[in-house]
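Novice: have a look at this fold, sequence not included:
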């Protein structure tokens, strides 16, 4: 028997609290929930348990029906509440977040908060206490949108930093940054209600001027960088060829990313700069179009391929080169308007 059916993606804002055990996720939630409720928000909560649990009590009729009668699904209802209890076989895998979401009536909620499921891909606030000597989940977890901590971090992060001991600050962040967004962060538009991949229909969108800027680095040995800077490489002008490769790649994005739309790009610029102090080449790509969908992927593609071209041309002398920190830094146009990375 399957315990949970396949569920659609969340259709309302969904945000998690991700942390190692003992950081205080439940304690913080208990402080935040009344603040959100006082704002008129209807909040649902999903909590992951790593152990067996039972919401029923021995001696109750419902408990006997399950334990003595062997009922695998029992729904108990009263005027105040109802609960569905489903028994699963031990060999079944734990349900994932999307399967659990199927059992919430999202039409009666404005927001879903999730405690746990930190290894799944959905927006999360990371809770971090340096005194516990646990590593940050960020930046390995790319879905983290803010970090709440109780002491200064030892690294610089391009994310909002919140005070874990100020629940009102975290509640305001959720209200202002999540609920004020025109489109819930939890909605992945490249999936339909059945969870199947789809190409987004942009036919009804307004045609606007769209711009995206992306950046990235490739680090290398000092001697390799010197070859590039002095045009001493036997293959020729490394940066010039990488620049052309990046421009060409941006125009081929829809051929490589399955659900991207083919676009008529009005301008693509790819700039590469040597940074001797960092033993790196910095690449920035700007892509523009007048259309119904954005050009973020085209800008990111331009940066990736330009840097890969640098690697390809120099790999004979330096196979240890590393491409890193490829990211979108700005986008403009469309319904969501301007977005810029906090730097």
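Specialist: Everything's here; your move. Predicted, not measured: the structure shown is a model, and the values here were computed from it. Residues are numbered from 1 along each chain as shown.

Novice: only C-alpha atoms for contact and neighbour calcs from this point on.
Specialist: Will do.

Novice: and the strands in this protein?
Specialist: 14-18, 43-47, 73-77, 82-86, 111-115, 124-128, 144-149, 161-163, 208-219, 265-275, 280-291, 322-332, 339-340 (DSSP state E).

Novice: among those, which is nearest residue 137?
Specialist: Closest to residue 137 of those, according to C-alpha to C-alpha: strand 124-128, at 7.2 Å.

Novice: would TSV of the strands of the chain with distance to residue 54 and mean neighbour count be doable?
Specialist: Output for these, formatted as TSV (distance: least, C-alpha to C-alpha, whole Å; neighbours: other C-alpha atoms under 10 Å):
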stretch	distance to residue 54	mean neighbour count
strand 14-18	23	24
strand 43-47	14	16
strand 73-77	13	12
strand 82-86	9	12
strand 111-115	18	21
strand 124-128	27	24
strand 144-149	31	21
strand 161-163	34	18
strand 208-219	50	23
strand 265-275	58	17
strand 280-291	54	23
strand 322-332	45	17
strand 339-340	45	12
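
Novice: any chance of these in TSV with mean pLDDT and distance to residue 226 as columns?
Specialist: Compiled in TSV, the strands of the chain are given as follows (pLDDT from 0 to 100; distance: least, C-alpha to C-alpha, whole Å):
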stretch	mean pLDDT	distance to residue 226
strand 14-18	91	44
strand 43-47	92	54
strand 73-77	86	70
strand 82-86	82	66
strand 111-115	92	50
strand 124-128	94	41
strand 144-149	93	38
strand 161-163	94	39
strand 208-219	95	12
strand 265-275	96	9
strand 280-291	96	10
strand 322-332	94	16
strand 339-340	86	33
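
Novice: now render these as a markdown table, adding distance to residue 137.
Specialist: Output for the strands of the chain, formatted as a markdown table (distance: least, C-alpha to C-alpha, whole Å):
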| stretch | distance to residue 137 |
| --- | --- |
| strand 14-18 | 8 |
| strand 43-47 | 19 |
| strand 73-77 | 37 |
| strand 82-86 | 33 |
| strand 111-115 | 15 |
| strand 124-128 | 7 |
| strand 144-149 | 8 |
| strand 161-163 | 14 |
| strand 208-219 | 22 |
| strand 265-275 | 29 |
| strand 280-291 | 26 |
| strand 322-332 | 17 |
| strand 339-340 | 23 |
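
Novice: where's the nearest residue to residue 82 once chain neighbours are set aside relative to residue 224, distance?
Specialist: Distance criterion C-alpha to C-alpha, 6 or more residues apart in numbering; nearest residue to residue 82, sequence neighbours excluded, is residue 76 at 5.6 Å. Distance of residue 76 to residue 224, computed by C-alpha to C-alpha, to the nearest Å: 70 Å.

Novice: cool, and residue 20?
Specialist: 42 Å.

Novice: ok, residue 97 next?
Specialist: Residue 97 is 47 Å from residue 224, by C-alpha to C-alpha.

Novice: which parts of the protein are helices?
Specialist: Along the chain, counting by DSSP state H, helices occupy 25-38, 61-67, 97-101, 167-173, 222-229, 238-251, 253-256, 296-314.

Novice: okay, now the unreliable bits of the stretch 51-200 of the chain?
Specialist: 51, 89-93, 177-198 (pLDDT under 70).

Novice: how does it look with 80?
Specialist: By pLDDT under 80, the weakly predicted segments of the stretch 51-200 of the chain are 51-57, 59, 87-95, 177-200.

Novice: now the nearest residue to residue 291 once chain neighbours are set aside: phi and psi?
Specialist: What sits nearest to residue 291 in space, not counting adjacent residues and going by C-alpha to C-alpha, 6+ apart, is residue 207, at 4.4 Å. Reported as degrees, to the nearest 10, the phi and psi values for residue 207 are phi -80, psi 120.

Novice: for residue 249, which non-adjacent residue is spatially closest?
Specialist: residue 302 (5.5 Å).

Novice: residues touching the one you found, list them.
Specialist: By C-alpha atoms under 8 Å, 6 or more residues apart in numbering, the contact list for residue 302 reads 245-250, 270, 285.

Novice: which of the residues you listed sits closest to residue 26?
Specialist: Taking C-alpha to C-alpha as the measure, residue 285 is the one of those closest to residue 26, at 43.1 Å.

Novice: beta partners for the closest one?
Specialist: Note on residue 285: beta-bridge partners by DSSP bridges are residue 214, residue 270.

Novice: against residue 208, how distant is it?
Specialist: 20 Å.

Novice: follow-up on the earlier one: pick the most deeply packed of the helices of the chain.
Specialist: Mean neighbour count (mean count of other C-alpha atoms under 10 Å) peaks for helix 296-314 among the helices of the chain, with a mean of 25.

Novice: how big is the angle separating that one from helix 222-229?
Specialist: On the basis of axes from the mean of the first three to the mean of the last three C-alpha atoms, to 10 degrees, helix 296-314 is oriented at 110 degrees to helix 222-229.

Novice: what's the angle from helix 296-314 to strand 322-332?
Specialist: Going by the same axes, to 10 degrees, helix 296-314 makes 150 degrees with strand 322-332.

Novice: alright, that wraps it up for me.
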